[in-house]
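Novice: here is the input, now give the coordinates:
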Amino acid sequence: MRLTIEKKELERLLKAACGVAERRAVIPILGHVLITAGAGAVSVVATDMDMTVRAAGPADVEAQGQATAPAHVLADIVRKLPAGRVSVELQKTELAVASGRSRFRLAALDPADFPAMTEPQAHAIALPGAELRRCLTTARAAISSDPTRPYLHGVHVHGGDGRIHFVATDGHRLHAASASLSPDAPPFPAVTILKKAASMMLAMADGEEACALTLGDNKMAFAAGGASLVAKLVEGKFPEYGRIVPPPVALPVRVNAALLAAKLDLAATVHMAGAETVNIEAAGEGLSLLARDKLHGASLVDLDAHAPDAAITIGFNESYLREMLAPFGDAEVEVHLSAPEAAVLVRRDGDDGFYAVGMPCRMLEPGVEFAAFRAAETAEAA
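Specialist: Next up, the predicted model:
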């Protein structure tokens, strides 16, 4: 195998592969990439046995063939090379890499030992890159890492009402987003995509062009931007999450998502030890956020919002609530509050397919701390 390729192009191919290849692989071949030189093109493949990524691009191929090389070492070498052409050649058991006055000889393993992963036999679903990124970014933040519940270790994908839905939950919060499907979209099973596969899909879908998602019974495939991915699926049944989504209330709080997130962060500054509860009071034309720390004191932050006339007070883990608000950006959102102990629904105004649900923190005496803080301010002013 012998080829010449632009440094920038080889760097792009290796960047995709190094998201999968292991740095300290127990099985040596899993730390390598498989390089295949064909007629006028080269492909780079990496796998960790759960997921395989392939990226391809143009190259001047003088001799077709295959070779392997340590993925991260080769990627680091190419990244540090100056712009220009890079030659890659298999010489017996070594891969020779040269550019300008720099030359490297890397250990190569037998390409026949490289594991292969077959693609699922199903029809692909076409999705715009921007829509896919929005859905995956929204859902991924709520993926569980609880070792006792491995069936929550990914993004659940299912169809319904002419849409494709992406959902994740860790038992404390749930994030969901959906995108429209074309009328001729093929049927597909409800599956749960591995977290690392979802992250790789986000990295691959960095443009506006359409992406292709294929969902089988035990594997999935994804293609975008000249790269493709095949991955195993999460085993186990994803819970019937619809039962925990609260119904909308008649008079939700309407507020700017970015403003509320910023004010939550400000109020929680007194929590120097980490994320803790922020009490939220909604009444009339505003929200009040109160945080208290036994060592550092307390904060009370007010902001404008359209809220019900009857005051509602609820406690929330401020970092969870900020993560629930993050996918909405600078948009106006509805915060559906029904009771201090009830789940909270956050969504865009009237958008049922893009929402987050979170469980509140228990408060022993709702509203008492707000009254005490304000009473202290009044007494000091007097």
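
Novice: so what's the most centrally placed residue in the chain up against?
Specialist: Centroid-nearest residue in the chain, with Cα atoms, centre = their mean: Arg140, separated by 3.9 Å. Counting by Cβ atoms under 8 Å, 6 or more residues apart in numbering, Arg140 touches 155, 168, 175, 195, 198-199, 202. The C-beta positions use only the backbone N, C-alpha and C, and glycine is treated the same way.

Novice: could you do Lys219 as well?
Specialist: Contacts of Lys219 (Cβ under 8 Å, 6+ apart): 117-120, 230-233.

Novice: that one and Leu213: what is the separation?
Specialist: 12 Å (Cβ to Cβ, to the nearest Å).

Novice: which strand or helix spans the closest residue to His306 other than its chain neighbours?
Specialist: Closest residue to His306 apart from its sequence neighbours, by Cβ to Cβ, 6 or more residues apart in numbering: Arg254 at 4.2 Å. According to DSSP states H and E, Arg254 maps onto strand 253-256.

Novice: quick one: buried residues of that strand?
Specialist: Going by neighbour count (16 or more other Cβ atoms under 10 Å), the buried part of strand 253-256 is 253, 255-256.

Novice: just checking, what packs against the helix or strand harbouring Cys211?
Specialist: Using DSSP H and E, Cys211 sits within strand 210-215. Contact here means 3 or more Cβ pairs under 8 Å, 6 or more residues apart in numbering; DSSP states H and E; on that basis strand 210-215 packs against strand 125-128, helix 129-140, strand 219-224.

Novice: centre of the chain to the second one, how far?
Specialist: The chain centroid and the centroid of helix 129-140 are separated by 8 Å, computed with Cα atoms, centre = their mean, to the nearest Å.

Novice: what is the orientation angle of that helix with strand 219-224?
Specialist: Here helix 129-140 runs at an angle of 140 degrees relative to strand 219-224 (axes from the mean of the first three to the mean of the last three Cα atoms, to 10 degrees).

Novice: any idea how far stretch 289-297 is from the chain center?
Specialist: Centre-to-centre, stretch 289-297 and its host chain are 32 Å apart (Cα atoms, centre = their mean).

Novice: what residues sit buried inside it?
Specialist: For stretch 289-297, by 16+ other Cβ under 10 Å, it's 289-292.

Novice: hang on, the earlier thing: closest to Asp304 among the buried residues of strand 253-256?
Specialist: Using Cβ to Cβ, Val255 comes nearest to Asp304 of these, at 7.8 Å.

Novice: helix or strand for the nearest residue to Gln64 once chain neighbours are set aside, which one?
Specialist: Spatial nearest neighbour of Gln64, excluding adjacent residues (Cβ to Cβ, 6+ apart): Ala37 at 5.2 Å. Using DSSP H and E, Ala37 sits within strand 32-38.

Novice: packing partners of that strand?
Specialist: Going by 3+ Cβ pairs under 8 Å, 6+ apart, strand 32-38 lies up against strand 41-47, strand 60-63, strand 65-70, helix 71-80.
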